[in-house]
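Undergrad: Structure of the sequence below:
(3 chains)
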Amino acid sequence: MKKINKLALFANKSNQRLFTTISVIVVLYVLMTILDGTGNLSSLMKGLLVPVCAYSLVAVGLNLCVGYLGELSLGHAGFMCVGAFTSAFFSKAFVGVIPDVPRFILSLLIGTALAALFGFLIAIPVLRLSGDYLAIVTLAFGEIIKNVINVLYVGVDSKGVHFSMKDMMSLGMEPGGKIIINGAQGITGTPRQSTFTISVILLLLAIVITFNFVNSRTGRAVKAIRDNQIAAETVGLPITKYKLIAFTLSAAIAGVGGVLYAHNISSLTATTNTFGYNMSIMILVYVVLGGIGSFSGSIIAATILTLLPEMLRGLSNYRMLIYSVVLIMLMLFNWAPGILKWREAHGIKNFKSILKSKNTKEVQ
Amino acid sequence: MGFLTYLINGLSLGSVYAIIALGYTMVYGIAKMLNFAHGDVIMIGAYLVFMCTSNAGMPAIVSIVIAMGCCTILGMIIEKIAYAPLRKATNLAVLITAIGVSYFLQNMALLIFGSNPVSFTSVIPWEGLSFAGGQLKITGNALITIVVCLVIMVVLMWFVKNTKPGQAMRAVSEDRDAAVLMGINVNATISLTFAIGSGLAAIAGTLLCSSYPSLTPYTGSMPGIKAFTAAVFGGIGSIPGALIGGLLLGIIEILAKAYISSQLADAIVFAVLIIVLLVKPTGILGKQIKEKV
Amino acid sequence: MSLLEVTNLGISFGGLRAVDEFNISIDKGQLYGLIGPNGAGKTTVFNMLTGIYKPTDGKIFLDGVDITGKRTADINKAGIARTFQNIRLFGDQSVLDNVKIGLHNSFEYSTATGIFRLPKYFATEKKMDERALEILSVFGLDKDADVLASNLPYGKQRQLEIARALATNPKLLLLDEPAAGMNPNETKDLMNTIALIRKEFDVTILLIEHDMKLVSGICEKLTVLNFGRVLSQGETSTVLNDPEVIKAYLGE
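TA: Numbering: from 1, shown residues only, chains lettered A, B, ... in the order given. The predicted structure is shown next:
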């Protein structure tokens, strides 16, 4: 019988990938910090450092859902939105009341916890559906969250918290009161506490957590349910419990991305582009291009695809056009069976897709 | 009387959604893919009609025919270049490619037409009807839209049932491999489906902008999403489902705007969708697909 | 002692009565065979026994406990494990992990323990690895522990499926056509494997099979199913010589 020792458990293939990913992130961080310190980083790039980390986080969260739970979520930006607005609300409401650092930590915890809660509540009805129906419902939820926040007016004054879905006036606040969420104008003046360092630390934390999750007893169960749900049931796995856990975790991580994003921007609004389906779809593109099931791939794709339009800015009017063409070509190059055969024949490596098509179903 | 007006407007908007949903549902049934770019073909169709009528001064009918022709060709080209190579790949791959095509169309339109809203003049010159001494006004736009939608539905259902190409479409959507064995040209059938869907998209764009005259490169996006939702709502893959889903969605949206809140209308529409899908997980007319053990 | 007691089991799909008045009594430690022509309803019986279908009539008792209509996962916890006609492995995971998933309910630690890599994670994973390799070595699969399950040859995949089922520590093991697609040599190996399983694991076996050599070689008792109904039941040799049974298989 094979001998097991702690070292073997530690140095296996999946842990190697984790260390590689962490190293790459750390190296990039150091590189960016040096460039910034020596004044070689354009203000454009500098401004993108935190958003790239934020999008990477949401992409990692979505990848957990698509790659390991095996379900397509078209509304993940909704969880980013929850994380963003709840944390920003807390931060702005308690400016001056709680000192900076503990306040940020609290708002981070609140944003993440609430995103997780929303994930959990939404998962309960959603996970009963499958495939495209599940995707559409997640899209619907994402839109509802964005829509509702857009009509939300919340203010704080000496009497307490005021809340309205109509307009600013009906808040009925005292003159000294503070408006925190101003309907479509969202939240302005959130303390800008997301630094690049904090963002990278959170990203690394998220990576370690997801890796550990995926390579644990629970992770094995989730993968088993994804690979063959009926077989998973016959070996006694509680399907709903683990689907819920995976989805909630994926929402929580997206929420962390939202917190980072919110504390890096002076005006936080919920539009189709920031937290609506346009954003959900962008994140999905990062996940698919980076490789379903590959968290490091999500981060790389998020980074490149966020920076690419900015780098093409010189071509101004044509840049989004070029971006879309690049996207289409990348998809064809990586996924079209005909092209993949051509690549194999010419010795260009094929990257195996982790997600196989679902089991064949028969109409009864 | 107000309620009736809203109902009719809802039916009219719903008719547009239904026509768009047809494109989604047919393509999904046949190619098992979500053509995310469909909403943007609608936008292109509307711009083409606008250019023909406003700039070239052509009569409405001619413009529409030209737009339909161009959109049909556009749809077929997109299918051949971007989707056909991925037919054997996973659904997600085609979905993302479709998103790329959608971005492409939007930005192409942005380059050519700019981002300023264009004022679309309705192709329906008729004022409409007026009942009960002016208390109930139904616009010509609304009526014609509803009628056109119903006509399209009837023609399409007849086509799918009684013509060879139509039956081929049904065969391919039910069992592609068996269809091949029957000698059906699957490539041609899929191209035909995209052609029909895109041609209808031009009509949808025209009708949409006739009732809601502001046109930008992003005009097709939200109706596209809503129409896709309607298609799933009614049961993806089902033509009558697209009709029911579209009409219901339109009615709910208009009624929600009128009676509850204009800003929350979208949220309400989506909430209704969620509730329906939870009660009937495959949509109103959807088929139950069971896994064989 | 009767381990599995099934009385009057039946199921209808719409207007079709797929299984009707199915009775079976299996004693602890027995090797029981369920045979019959294709489409007779054998897998449907398995599906009812494992909770994939809910029977419309009848009762199923496992070790005295009523498990009729219970959910699949709960039935597995009660003590029934199975393999499938069309192999259902977790193809994207390793051979070892497939078995470890079978050990999921025997070795527990919380999700949080896994995420934060607390000491219990390492201790439990080590125990799971040991137990999993123990099980795999019965089938000679321990050398393939790190191979991706979908990369295994067909015969080994079937064995892995059995190994995974045994990892759930069942009282009753249901094998659905374990010899399907095997040549006579592989079938002989399978017969040896089943004998080994009976020795190493304290398990009762009910199997569906078409291969008569296997059936007559190892099954102690048989039930013959035809058109969803029991045609004959009893000692193997008696049943196989029953003219009604021969007629059902060969036709008139």
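Undergrad: Next, work out how far apart the nearest residue to C:K42 once chain neighbours are set aside and chain B are.
TA: If the residues on either side of it in the chain are set aside, C:K42 comes closest to C:I208, at 4.6 Å by CB to CB, 6 or more residues apart in numbering or on different chains. Heads up, the C-betas are built off the backbone N, CA and C, glycines and all. Distance, C:I208 to chain B, using CB to the nearest CB, to the nearest Å: 13 Å.
Undergrad: what residues are up against C:I208?
TA: Neighbouring residues of C:I208 by CB atoms under 8 Å, 6 or more residues apart in numbering or on different chains: C:G33, C:L34, C:I35, C:K42, C:T43, C:F46, C:Q85, C:L174, C:L175, C:D176, C:E177.
Undergrad: The third one - how many residues pack around it?
TA: Spelled out, it's C:I35. A count of nearby residues for C:I35, using other CB atoms under 10 Å in any protein chain shown, gives 27.
Undergrad: so what's it up against?
TA: Contacts of C:I35 by CB under 8 Å, 6+ apart are C:K42, C:I208, C:E209, C:H210, C:V215, C:L222, C:T223, C:V224, C:L225.
Undergrad: Specify the beta-bridge partners of the second one.
TA: As for beta bridges, C:I208 partners with C:L34, C:D176 under DSSP bridges.
Undergrad: Let me see the ranges of the helices in the stretch 51-200 of chain C.
TA: Here the stretch 51-200 of chain C has its helices, by DSSP state H, counting those that start in this stretch, at C:72-78, C:95-102, C:111-115, C:119-138, C:154-167, C:184-200.
Undergrad: Mean neighbour count, the ones you listed: which tops it?
TA: Most buried of the helices of the stretch 51-200 of chain C, by mean neighbour count (mean count of other CB atoms under 10 Å in any protein chain shown): helix C:95-102, with a mean of 27.
Undergrad: what residues does it touch?
TA: By CB under 8 Å, 6+ apart, helix C:95-102 touches A:217, A:220-221, A:224, A:232, A:235, A:237, C:89-90, C:93, C:128-129, C:132-133, C:135-136, C:141, C:144-149, C:152, C:160, C:163-168.
Undergrad: just for chain A, where's the confidence low?
TA: Across chain A, residues meeting the criterion (pLDDT under 70) sit at A:1-12, A:168, A:314-316, A:347-364.
Undergrad: how about the strands in it?
TA: Taking DSSP state E to define them, one finds strands in chain A at A:153-157, A:160-164, A:178-182, A:187-188, A:267-268, A:362-363.
Undergrad: Among those strands, which comes closest to A:K341?
TA: Closest to A:K341 of those is strand A:362-363 (CB to CB; 29.4 Å).
Undergrad: before we move on, the earlier item: as TSV, the helices of the stretch 51-200 of chain C with mean pLDDT would be great.
TA: TSV is the format used below for those (pLDDT from 0 to 100):
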stretch	mean pLDDT
helix C:72-78	95
helix C:95-102	96
helix C:111-115	93
helix C:119-138	95
helix C:154-167	94
helix C:184-200	90
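Undergrad: Please work out how many residues are found near the residue in chain A positioned nearest to chain C.
TA: In chain A, the residue that lies nearest chain C is A:S216 (2.8 Å; CB to the nearest CB). Residues contacting A:S216 under the criterion other CB under 10 Å number 23.
Undergrad: still on that earlier bit, is it possible to get TSV of the contacts of C:I208 that adds pLDDT?
TA: Below are those laid out as TSV (pLDDT from 0 to 100):
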residue	pLDDT
C:G33	95
C:L34	95
C:I35	93
C:K42	93
C:T43	93
C:F46	95
C:Q85	89
C:L174	96
C:L175	96
C:D176	95
C:E177	93
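Undergrad: Count the residues that sit near the one residue in the stretch 51-200 of chain B that gets nearest to chain C.
TA: Among all residues of the stretch 51-200 of chain B, B:T90 sits closest to chain C, at 13.8 Å; criterion: CB to the nearest CB. By other CB under 10 Å, 16 other residues sit near B:T90.
Undergrad: Before we move on, what's the pLDDT of it?
TA: At B:T90, the model reports a pLDDT of 80.
Undergrad: measure it to chain A for me?
TA: Applying CB to the nearest CB, the value for B:T90 to chain A is 5 Å.
Undergrad: one step back: drop anything exposed from the contacts of C:I35.
TA: Neighbour-count burial (16 or more other CB atoms under 10 Å in any protein chain shown) applied to the contacts of C:I35 gives C:K42, C:I208, C:E209, C:V215, C:L222, C:T223, C:V224, C:L225.
Undergrad: Could you work out the most separated pair of those?
TA: The farthest-apart pair in the buried ones among the contacts of C:I35, when distances are taken by CB to CB, is C:V215 and C:L225, at 13.1 Å.
Undergrad: which residues does C:F22 bridge with?
TA: In beta-bridge terms (that is, DSSP bridges), C:F22 pairs with C:L9.
Undergrad: Return the residues in contact with it.
TA: C:V6, C:N8, C:L9, C:G10, C:G41, C:V45, C:G58, C:L225, C:G228, C:R229, C:V230 are the contacts of C:F22 under CB under 8 Å, 6+ apart.
Undergrad: change it to 10 Å
TA: C:F22 makes contacts with C:6-11, C:34, C:41, C:44-45, C:48, C:55, C:57-58, C:60, C:223, C:225, C:228-230, as judged by CB atoms under 10 Å, 6 or more residues apart in numbering or on different chains.
Undergrad: Just the buried ones out of these, please.
TA: Among the contacts of C:F22, the ones that count as buried by 16+ other CB under 10 Å are C:6, C:9-11, C:34, C:41, C:44-45, C:48, C:55, C:57-58, C:60, C:223, C:225, C:228-230.
Undergrad: Sort out which residues of stretch A:336-349 are buried, please.
TA: A:A336, A:I339, A:L340, A:R343.
Undergrad: With stretch C:223-243 instead?
TA: So stretch C:223-243, judged by 16+ other CB under 10 Å, has buried residues C:223-226, C:228-233, C:236, C:239-240, C:242.
Undergrad: Turn the residues you listed into TSV, columns for pLDDT and distance to C:I115.
TA: Shown next, in TSV, are these (pLDDT from 0 to 100; distance: CB to CB, whole Å):
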residue	pLDDT	distance to C:I115
C:T223	94	48
C:V224	93	52
C:L225	93	48
C:N226	90	53
C:G228	92	49
C:R229	93	53
C:V230	93	51
C:L231	91	55
C:S232	91	56
C:Q233	93	52
C:T236	92	52
C:V239	91	55
C:L240	88	56
C:D242	89	59
